[in-house]
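Asker: Sequence first, then the predicted structure, then my questions.
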Amino acid sequence: MEMEKLSNGHAGAAVPMDEEVPQEDQLFLEHKSGPTKTPQFTDFEGKTSLGMSIFNLSNAIMGSGILGLSYAMSNTGIVLFLVLLICIACLSSYSVHLLLRSAGVVGIRAYEHLGFRAFGHPGKIIAAVVITLHNIGAMSSYLFIVKSELPLVIQAFLGQTTGSDDWFMNGNYLIIIVTVSIILPLALMKHLGYLGYTSGFSLSCMVFFLSAVIYKRFHIVCPLEVFGNHSVTTEDSGEMCTTTFFTVNQETAYAIPILAFAFVCHPEVLPIYTELRNPTKRRMQNVGNISILGMFIMYFLTATFGYLTFYENTEAELLHTYSKVDPLDTLILCVRLAVLVAVTLTVPVVLFPIRRALQQLLFPGKAFHWVRHIVIALCLLFVVNLLVILVPNIRDIFGITGATTAPSLIFILPGLFYIRIIPTEQEPMKSRPKIQAACFAALGFIFMIMSLTFIGIDWTSGEKRNLGGH
């Protein structure tokens, strides 16, 4: 899932023969052929079955973005949301196709190394920076969930129906405590180790979350008895409980970035391809298509049932909306605890590839050093905590990350890599595949500019809907 973004030029990745191999990767780059042969996917013996590869890629897709989908639907309507969801899913599948074609030509298994083969060191640096920024955005979204949900869990355990001014109910203090006591010790480990097993647990938590959303749809009656600490009158209920199929408003600008953020998995495609048993492009494309289809269904069900529960009162973080109805609900409390544990354990998992990428960019070829290892972790956690404390809404994290790094990873870079890597004698620049790839990359630029423009207008206008403090 976004919760499992290990996009760092993974172990097992083949690199261009003319690029210096980092010391920590050397033991993982052995292959059957001699050093003079261009590495191919068949040079590596993958042991992962088709089913397990689908599970792994589904984990790479699934993540915190699912919590914002109902909010996106409330600002687009069901039909427009479905159209956008289908478009993003199809474009993600096409992006996987471009990456597999590019990788198959040069035998490279890492997103950053495709950047090196396409544009040299600047390409590698750009790809690594984009992946790093995206993972920082993902870490911020996880800690924002801790910031917003942990006080509600404490409130429920204390039997309180309203918040208090006590320090232990302040989300900003709580994320610092969680970071120092849990995340930092795990982030200081030399090897990832058993943290990787949070992958299955995280996906299980999200399935549990979906089940709870569907169940609550039939047990929460609209108009809500309590919302935002005031009663909802019958006069309000007509408009509040109306299903919209197509709508456009100021906050519709966040819909596409949220969807794009929820589908980013592309840095993980090539490492999963590496480990696939009997790897072929068609076989790996099937893995991508099935994974994207599965997440498409899960996303649409979550968005629909969440939206049909709260309608226009849906908040940017769906789980937080349930506290407006019953802060002491046992089922939602269990879901909160599961999600909190999952995201807390995932933060150090995501931090590892960021630190590794920074070490390769800033200290290439340097041997492991504890001081550098610790300082980078401390700096990253400090920056992420500062972002979470300063950013008022998780919607802004979804929006900015989804409008910048997500289109870069899904649209722009795969299209440019394809154009540069596929030989012109094989596919001329005027051939249909390369024209399509160029249009695909251009679409990413257009999407990025439009999203950032509309989000900027929303920020500067100061017009916010009253969504219970969101």
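Answerer: Received, thanks.
Asker: going forward, measure contacts between C-alpha atoms and count neighbours the same way
Answerer: OK.
Asker: in this protein, which helix or strand is least confident?
Answerer: helix 234-240 (a mean of 54; mean pLDDT, DSSP states H and E).
Asker: and the closest residue to residue 401 other than its chain neighbours, what does it touch?
Answerer: Spatial nearest neighbour of residue 401, excluding adjacent residues (Cα to Cα, 6 or more residues apart in numbering): residue 137 at 5.9 Å. By Cα atoms under 8 Å, 6 or more residues apart in numbering, the contact list for residue 137 reads 397, 398, 401.
Asker: Check which element follows the helix or strand hosting the last one along the chain.
Answerer: This means residue 401. Per DSSP states H and E, residue 401 falls inside helix 394-403. Next helix or strand after helix 394-403 toward the C-terminus (DSSP H and E): helix 405-407.
Asker: Which neighbouring elements make contact with that following helix?
Answerer: Using 3 or more Cα pairs under 8 Å, 6 or more residues apart in numbering; DSSP states H and E, the elements in contact with helix 405-407 are helix 121-157, helix 255-263, helix 432-461.
Asker: List the buried residues of the first one.
Answerer: Neighbour-count burial for helix 121-157 flags 121, 123-153, 155-156 (criterion: 16 or more other Cα atoms under 10 Å).
Asker: How far away from the center of its chain is that helix?
Answerer: Using Cα atoms, centre = their mean, to the nearest Å, the distance from the centre of helix 121-157 to the centre of the chain it belongs to is 9 Å.
Asker: now the angle from it to helix 255-263?
Answerer: If you take axes from the mean of the first three to the mean of the last three Cα atoms, to 10 degrees, helix 121-157 sits at 90 degrees to helix 255-263.
Asker: next SSE after helix 121-157?
Answerer: Proceeding N to C from helix 121-157, the next assigned helix or strand is helix 171-178, under DSSP H and E.
Asker: dump the residue contacts of the residue nearest to residue 281 when sequence neighbours are not counted.
Answerer: Once flanking residues are discounted, residue 281 sits nearest to residue 100: 6.3 Å by Cα to Cα, 6+ apart. The contact partners of residue 100, taken as Cα under 8 Å, 6+ apart, are 270, 281, 285.
Asker: element containing residue 100?
Answerer: If you go by DSSP H and E, residue 100 is part of helix 78-106.
Asker: same question for that helix, mean pLDDT?
Answerer: The average pLDDT within helix 78-106 is 93.
Asker: Any idea how far it is from the middle of the chain?
Answerer: 15 Å.
Asker: got it, and stretch 200-211?
Answerer: 15 Å.
Asker: shift numbering so it begins at 368
Answerer: With 368 as the first residue, the last one maps to stretch 567-578.
Asker: Can you give the contact residues for that stretch?
Answerer: With contact meaning Cα under 8 Å, 6+ apart, stretch 567-578 is reached by 368, 370, 426, 429-430, 665, 668-669, 702, 705-706, 709-710.
Asker: Dump those to TSV, plus distance to residue 806 and secondary structure.
Answerer: Below are those laid out as TSV (distance: Cα to Cα, whole Å; DSSP: H, G, I helix; E, B strand; the rest coil):
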residue	distance to residue 806	secondary structure
368	28	coil
370	30	helix
426	29	helix
429	27	coil
430	29	coil
665	29	helix
668	31	helix
669	32	helix
702	42	helix
705	42	helix
706	39	helix
709	38	helix
710	36	helix
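Asker: Share the number of residues neighbouring residue 418, please.
Answerer: Residue 418 has 12 neighbours, counted by other Cα atoms under 10 Å.
Asker: how about it, phi and psi?
Answerer: Backbone torsions for residue 418, taken as degrees, to the nearest 10, come to phi -60, psi -40.
Asker: and the gap between it and residue 675?
Answerer: 33 Å (Cα to Cα, to the nearest Å).
Asker: where does the chain have low pLDDT?
Answerer: Along the chain, segments meeting pLDDT under 70 span 368-413, 528-530, 558-566, 590-606, 829-837.
Asker: 50 - rerun?
Answerer: Residue ranges of the chain with pLDDT under 50: 369-406, 408-409, 593-602, 831-837.
Asker: can you give me the angle the helix holding residue 467 makes with helix 799-828?
Answerer: Using the same axes, to 10 degrees: helix 445-473 against helix 799-828 is 130 degrees.
Asker: Packing partners of the helix or strand just after helix 445-473?
Answerer: Using DSSP H and E, the helix or strand that follows helix 445-473 towards the C-terminus is helix 478-486. Applying 3+ Cα pairs under 8 Å, 6+ apart, one finds that helix 478-486 makes contact with helix 488-524, helix 780-788.
Asker: Just want the angle from helix 478-486 to helix 445-473.
Answerer: Interaxial angle of helix 478-486 relative to helix 445-473 (the same axes, to 10 degrees): 70 degrees.
Asker: Render the CA-only coordinates of helix 478-486 in CSV, please.
Answerer: Extracted in CSV, the C-alpha atoms of helix 478-486 (Å, rounded to 0.1, in the frame of the first residue of the first chain):
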residue,chain,number,x,y,z
TYR,A,478,12.6,3.3,-11.0
GLU,A,479,15.6,5.6,-10.3
HIS,A,480,17.8,3.5,-12.6
LEU,A,481,15.4,3.9,-15.4
GLY,A,482,15.8,7.6,-14.9
PHE,A,483,19.6,7.2,-15.1
ARG,A,484,19.3,5.2,-18.4
ALA,A,485,16.9,7.8,-19.9
PHE,A,486,18.5,11.1,-18.8
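Asker: now that helix, how far from the chain's geometric center?
Answerer: With Cα atoms, centre = their mean, you get 22 Å for helix 478-486.
Asker: One more: stretch 418-425?
Answerer: What separates the centre of stretch 418-425 from the centre of its chain is 16 Å, taken as Cα atoms, centre = their mean.
Asker: mind listing what's buried in that stretch?
Answerer: So for stretch 418-425, counting by 16+ other Cα under 10 Å, buried means 420, 421, 422, 423, 424, 425.
Asker: Tell me where the stretch 568-717 of the chain has helices.
Answerer: 601-607, 622-630, 633-642, 648-677, 685-688, 697-729 (DSSP state H, counting those that start in this stretch).
Asker: now the fourth one and helix 633-642, what's the angle there?
Answerer: This means helix 648-677. Using the same axes, to 10 degrees: helix 648-677 against helix 633-642 is 140 degrees.
Asker: Now helix 648-677: buried residues?
Answerer: In helix 648-677, counting by 16+ other Cα under 10 Å, buried: 651-652, 654-660, 662-663, 665-677.
Asker: Which of the contacts of residue 504 sits closest to residue 622?
Answerer: residue 765 (9.4 Å; Cα to Cα).
Asker: Quick check: residue 682 vs residue 657, distance?
Answerer: 30 Å.
Asker: My error: substitute residue 504 in the last question.
Answerer: 26 Å.
Asker: try residue 496
Answerer: According to Cα to Cα, residue 496 stands 29 Å off from residue 657.
Asker: Can you tell me how far the nearest residue to residue 709 once chain neighbours are set aside is from residue 702?
Answerer: In this structure, residue 709 finds its nearest non-sequential neighbour in residue 569, 5.1 Å apart by Cα to Cα, 6+ apart. For residue 569, the distance to residue 702 equals 12 Å [Cα to Cα].
Asker: quick one: which of the two has more around it?
Answerer: Neighbour count, other Cα under 10 Å: between residue 569 and residue 702, residue 569 has more, with 26 against 19.
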